[in-house]
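1. Everything below, folded, please.
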Amino acid sequence: REEGYMVNGRPSANGKWNYLYITDLQQYYERLNRLKGMISLVGLLLFMVSVAVSFLISVRVFLPVERILQLLEDPKAFYDTSRMEKEHKDSRNELKYITSSFLESYSKQEQNRKELTKYVTSLKEAQIALLQAQINPHFLFNTLQSINFMAIAVTGTDNDLCAAIGMLSTMMRYMMEVDYNMVTLEKEIEYSKAYIGLEQLRYGDSLQVKWDIEPQLMECRTVKVTLQPILENCIRHGFKNMKCGGNIEVKGKLENEKILIMVRDDGVSQDEEWISSMNRELEEFQPVISRHIGIRNVNQRIRMLFGNEYGLHILKVQTGFTVVIWLPVLREEV
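-> Numbers count the residues shown, from 1 in each chain. Predicted coordinates:
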């Protein structure tokens with residue numbers, strides 16, 4: 001070795017020759033320094049990449065967690081339907097899925113709260129209307145009883161007038177019982193038959209009603225005043241353009257663990273557009289508070305008490321009008 005150079009030797013394979021490697025030390029140290037610099041540069045780059053990756057992980061993980069905590073503290077501030085739908089579509093990130101699910105759950109809670117408020121308001125209005133309507137029926141009921149006694153005193157025995165007053169009194173007594181809003185199907189049918197009896201005073205034998213209710217349903221409970229408004233609808237609208245009355249069939253049976261009641265008449269039918277429009281109204285919750293108790297009113301009271309899977313539906317038939325009533329199977333409480 002001489003100063004400024006590095007000499008390395010190695011014998012050949014057959015041992016006859018020696019190979020010498022002479023390297024300039026200045027060039028050697030220059031290459032060594034360049035290698036150290038490259039290693040330092042690569043290390044710096046790796047450090048910067050690791051910092052960037054750590055930052056991205058923080059953004060992807062910790063910021064969504066913070067957002068979820070903010071959602072828990074003040075969900076209404078983050079309630080944004082468009083953001084909820086956008087995040088719900090991109091559910092690859094579990095945290096985004098949690099956020100989307102939370103917003104969706106909050107949306108349903110808000111909707112349920114609004115519907116509950118609407119139900120409570122409607123019930124209060126209905127209760128007030130019922131209490132107000134109770135005043136005149138008491139007076140009319142007492143008056144009917146006085147008229148009935150007067151009719152018996154004149155003829156000395158019961159007559160057709162007494163029978164009519166008796167049927168009307170039965171209806172009045174039924175309507176004035178406001179301590180409960182549910183009755184057995186048997187009582188509801190009794191009330192409806194009293195109404196039909198009064199209508200037959202005008203129509204005579206031309207108005208016929210056939211009752212076909214399975215006996216085991218008679219003790220099941222239903223909403224008070226369910227059948228009579230539908231029967232009245234058949235007579236007032238189905239038979240309004242007919243010179244005489246018509247035929248009505250009321251059929252009740254169990255089907256799919258529910259009570260199915262069908263009220264069918266052979267009067268004037270309605271077009272498909274009207275039936276479709278009416279069924280859409282019955283599917284939606286539309287408060288009906290008025291003096292008239294019709295199909296919408298019956299449907300609303302059933303859905304409010306038993307849920308949206310029950311209620312009324314109208315079927316299109318060749319002749320007449322058919323209303324389907326779905327009720328739960330509820331036995332009379334002892």
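2. Distance of the nearest residue to Asp212 once chain neighbours are set aside relative to Cys162?
-> Sequence neighbours aside, Lys251 is the residue nearest to Asp212 in space, at 4.5 Å (criterion: Cβ to Cβ, 6 or more residues apart in numbering). For every residue, glycine as well, the C-beta is placed using N, CA and C. Lys251 sits 32 Å away from Cys162, taking Cβ to Cβ, to the nearest Å as the criterion.
3. between these two, who's got more neighbours?
-> Counted by other Cβ atoms under 10 Å, Lys251 and Cys162 do not tie: Cys162 has more neighbours, with 17 against 14.
4. next one: the strand or helix carrying Arg60 to chain centre, how far?
-> Assigned by DSSP states H and E, Arg60 belongs to helix 25-73. Distance, stretch centre to chain centre, for helix 25-73: 54 Å (Cα atoms, centre = their mean, to the nearest Å).
5. Give me the average confidence score over it.
-> Across helix 25-73, the average pLDDT comes to 81.
6. Show the contacting residues for Val263.
-> 227, 230-231, 234, 248-250, 322-323, 325 (Cβ atoms under 8 Å, 6 or more residues apart in numbering).
7. how about it, secondary structure?
-> State at Val263, reduced to three classes by DSSP: H, G, I helix; E, B strand; the rest coil: strand.
8. Likewise for Asn14?
-> coil.
9. For it, grab phi and psi.
-> The phi and psi torsions at Asn14 (degrees, to the nearest 10) take the values phi -90, psi 0.
10. Tell me how many other residues crowd it.
-> 6.
11. how much space between it and Val323?
-> 115 Å.
12. repeat for Asn8
-> Taken as Cβ to Cβ, the span from Asn8 to Val323 is 109 Å.
13. Same question for Arg296.
-> 12 Å.
14. on that earlier part again, what sits opposite the residue nearest to Asp212 in the beta ladder?
-> Counting by DSSP bridges, Lys251 is bridged to Asp212, Met262.
15. what's near enough to touch it?
-> Applying Cβ under 8 Å, 6+ apart, the residues contacting Lys251 are 212-213, 261-262, 264.
16. Now list the buried members of those residues.
-> Listed as buried from the contacts of Lys251 are 213, 261, 264; burial here means 16 or more other Cβ atoms under 10 Å.
17. Let me know the pLDDT of the second one.
-> Same thing as Ile261. So, for Ile261, pLDDT stands at 96.
18. just the first one next, same as before
-> According to the model's per-residue confidence, Ile213 sits at a pLDDT of 95.
19. Go ahead and confirm it touches Leu185.
-> Yes: between Ile213 and Leu185 there is a contact at 7.0 Å, judged by Cβ atoms under 8 Å.
20. Need the residues touching each of the two.
-> Gly252.
21. List phi and psi for Leu198.
-> phi -70, psi -40.
22. The one 10 residues further on now?
-> In this entry, Gln208 is assigned phi and psi values of phi -120, psi 140 (degrees, to the nearest 10).
23. Compute the distance between it and Ala151, please.
-> For Gln208, the distance to Ala151 (Cβ to Cβ) stands at 27 Å.
24. Same drill for these two, tell me which one is more crowded.
-> Ala151 (18 against 13).
25. returning to that earlier point: tell me the two of the contacts of Lys251 that are most distant?
-> Ile213 and Arg264 (13.7 Å; Cβ to Cβ).
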